[in-house]
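Asks: Next input, structure requested:
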Amino acid sequence: MRRIYLYYMVMLLSGIVGLAKIGLFAKLLSPAELGYYSLSLLFSTYGMYICSFGLYEGSMVIFPRWYGEGRSDDVESIRNKIAGFTAISSLALSICLGILLASNILKDIFIGIAIFMAGLFADVLTLFLLLLADIRSRLMTFEFGIIMFLRSILSISFGALLARQYGYIGILTSEILITAFLTAIIAGHKIHNFAWNFSGFLALKPIFRVGLPLMLNGVVTNAASNIDRFFVISTWGSTIFGYYSFVMILATGGSLVQSILYQQISPEILYRIGQGDSPNKLFVKLNRFIRIILFFLILLWYPFTLIAKWLVYNYLPEYVQAYSIIPIIYVGASVIIVSHYEYLIVTVGKTEYLLFLNIVVFAIVLALSALCLFLKLSLVSFASVYVIGRILYFVSTFILAKWAVNKL
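Replies: Residues are numbered from 1 along each chain as shown. The predicted structure is shown next:
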């Protein structure tokens, strides 16, 4: 129990550094450069889906359960094959993006560079997260926290140094190199019997079977979460997108906190299921935990908006015109933090229902975003659509998880 508390402490510090990093980059970069940087991070998420084809998502479900059942050798064998497969797909992605950049199809060369570097970042990040999935699956949460904290410290330090001279390209370069460095350290010192295995990919069928629906679900979820950003950048360009991305630091913060909780909650749920615990019992426990967090987030809304206003007006005056959407995005970030019901849905084998639910949410958000564009509404409207999408997802997963565990 003490290690869990230490984990939360370390990950909280890591999250604070991560938020400070984005704020510092917003200060060092122009709004347009911040827009390019945010666009690259956005595309790197989709690049990871291409690199892993659902194998990463499948490993996060299979590995903890197999470790709980004592099947360590099976995990190591499958993990090494996944590493070999993702290395091949990552190389193919980089080649394709290199051809796209060299062909000058994209009118804005800086957008092309951002997308190309997003692919490189996705390459190294996929393997990095795969190895971390192994660590988390063994319930080594404290070690996981230390690694993430170290990554945050290195990212803000070297990113700030390179940003002064090379802008967003320098930041992305530092992110890629730091992730590659930590991946090498983890593979050599924290992973048992790691080796690249480029054969026997047919053995990955069980992982594909679990991971592909989860990957599709992730693609749809990310599309629903980010469709507003695509509309903003296509309508107003990189500078206004930079303003919008600055405020979306809150959403990033919400995702960081959600990730801190996820790294401890999800593997433990799967591990306990592997040991025979009841999903219904775990649902009740999770529900109680989420209610407590949500209560404190509601209490913090007003003081947070006052603090944010003071910080923006005194230290980031170039982003003052975007302040009006901060209180709105706070609501969306809060909902992200408490969105944890999907783990139980996946655990009880109802992934296809989760995918259908996310398609419905995506369709609603897409329709509302298109309506905002047609009516030529302001950024406040797009921010509101973002929040509506997050609330719909949270409520829907709660209802589906409750139904799923009661059906068992």
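Asks: check contacts around the residue nearest the centre of the chain.
Replies: Geometric centre of the chain, nearest residue: residue 255, 6.5 Å, by Cα atoms, centre = their mean. Going by Cβ atoms under 8 Å, 6 or more residues apart in numbering, residue 255 touches 333, 336. For the C-beta atoms, the positions are set from N, CA and C on the backbone; glycine is no exception.
Asks: counting contacts, what elements does the biggest helix by length in the chain pack onto?
Replies: Ranked by residue count and defined by DSSP state H, the top helix of the chain is helix 141-189. Helices and strands touching helix 141-189, by 3 or more Cβ pairs under 8 Å, 6 or more residues apart in numbering; DSSP states H and E, are helix 2-28, helix 31-52, helix 109-137, helix 249-274.
Asks: Out of the ones you listed, flag the one nearest residue 320.
Replies: Closest approach to residue 320 among these (Cβ to Cβ): helix 31-52, 11.8 Å.
Asks: could you check the angle helix 109-137 makes with that closest one?
Replies: Relative orientation of helix 31-52 and helix 109-137, computed by axes from the mean of the first three to the mean of the last three Cα atoms, to 10 degrees: 50 degrees.
Asks: roughly how far is helix 31-52 from the heart of the chain?
Replies: Offset of helix 31-52 from its chain centre (Cα atoms, centre = their mean, to the nearest Å): 11 Å.
Asks: now swap in stretch 219-234 and tell me
Replies: Chain-centre distance of stretch 219-234: 14 Å, with Cα atoms, centre = their mean.
Asks: if we can go back for a sec, so how far is residue 355 from the residue nearest to the centre of the chain?
Replies: When distance is defined by Cβ to Cβ, to the nearest Å, residue 255 is 21 Å away from residue 355.
Asks: Show me the one of the helices and strands packed on helix 141-189 that comes nearest residue 182.
Replies: Residue 182 lies closest, by Cβ to Cβ, to one member of these: helix 109-137, at 6.6 Å.
Asks: Of all the residues in that closest one, which ones are buried?
Replies: For helix 109-137, the neighbour count (16 or more other Cβ atoms under 10 Å) marks 110-137 as buried.
Asks: ditto for stretch 199-215
Replies: Neighbour-count burial for stretch 199-215 flags 204, 207, 208, 210, 211, 212, 213, 214, 215 (criterion: 16+ other Cβ under 10 Å).
Asks: Contacts only, for the second one.
Replies: Residues in contact with residue 207, defined by Cβ under 8 Å, 6+ apart, are 54, 55, 58, 59, 62, 78, 82.
Asks: ok, now with 6 Å
Replies: 55, 58, 62 (Cβ atoms under 6 Å, 6 or more residues apart in numbering).
Asks: how about a markdown table for those, with secondary structure, neighbour count and distance to residue 26 added?
Replies: Output for the contacts of residue 207, formatted as a markdown table (DSSP: H, G, I helix; E, B strand; the rest coil; neighbours: other Cβ atoms under 10 Å; distance: Cβ to Cβ, whole Å):
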| residue | secondary structure | neighbour count | distance to residue 26 |
| --- | --- | --- | --- |
| 55 | helix | 28 | 34 |
| 58 | helix | 25 | 36 |
| 62 | helix | 24 | 39 |
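Asks: how about the helices and strands packed on helix 141-189, which one is nearest residue 291?
Replies: Nearest to residue 291, of all the helices and strands packed on helix 141-189, is helix 249-274, at 13.7 Å by Cβ to Cβ.
Asks: Looking at the helices and strands packed on helix 141-189, which is nearest to residue 167?
Replies: The minimum distance between residue 167 and these falls on helix 31-52, with 5.1 Å, by Cβ to Cβ.
Asks: Show me how far the helix or strand hosting residue 403 is from its chain's centre.
Replies: Residue 403 belongs to helix 379-407 when elements are defined using DSSP states H and E. How far helix 379-407 lies from its chain's middle: 17 Å, per Cα atoms, centre = their mean.
Asks: what does stretch 81-92 contact?
Replies: Here stretch 81-92 makes contact (Cβ under 6 Å, 6+ apart) with 51, 52, 55, 123, 126, 196, 197, 198, 200, 201, 204.
Asks: OK, contacts around the second one?
Replies: Applying Cβ under 6 Å, 6+ apart, one finds that residue 52 lies in contact with 86, 126.
Asks: how about JSON lines for the helices and strands packed on helix 141-189, with mean pLDDT and distance to residue 158 added?
Replies: Output for the helices and strands packed on helix 141-189, formatted as JSON lines (pLDDT from 0 to 100; distance: least, Cβ to Cβ, whole Å):
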{"stretch": "helix 2-28", "mean pLDDT": "74", "distance to residue 158": "11"}
{"stretch": "helix 31-52", "mean pLDDT": "82", "distance to residue 158": "15"}
{"stretch": "helix 109-137", "mean pLDDT": "85", "distance to residue 158": "14"}
{"stretch": "helix 249-274", "mean pLDDT": "72", "distance to residue 158": "19"}
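Asks: I'd like to know which of those helices is closest to residue 330.
Replies: Smallest distance to residue 330 across the helices and strands packed on helix 141-189 (Cβ to Cβ): 5.7 Å, for helix 249-274.
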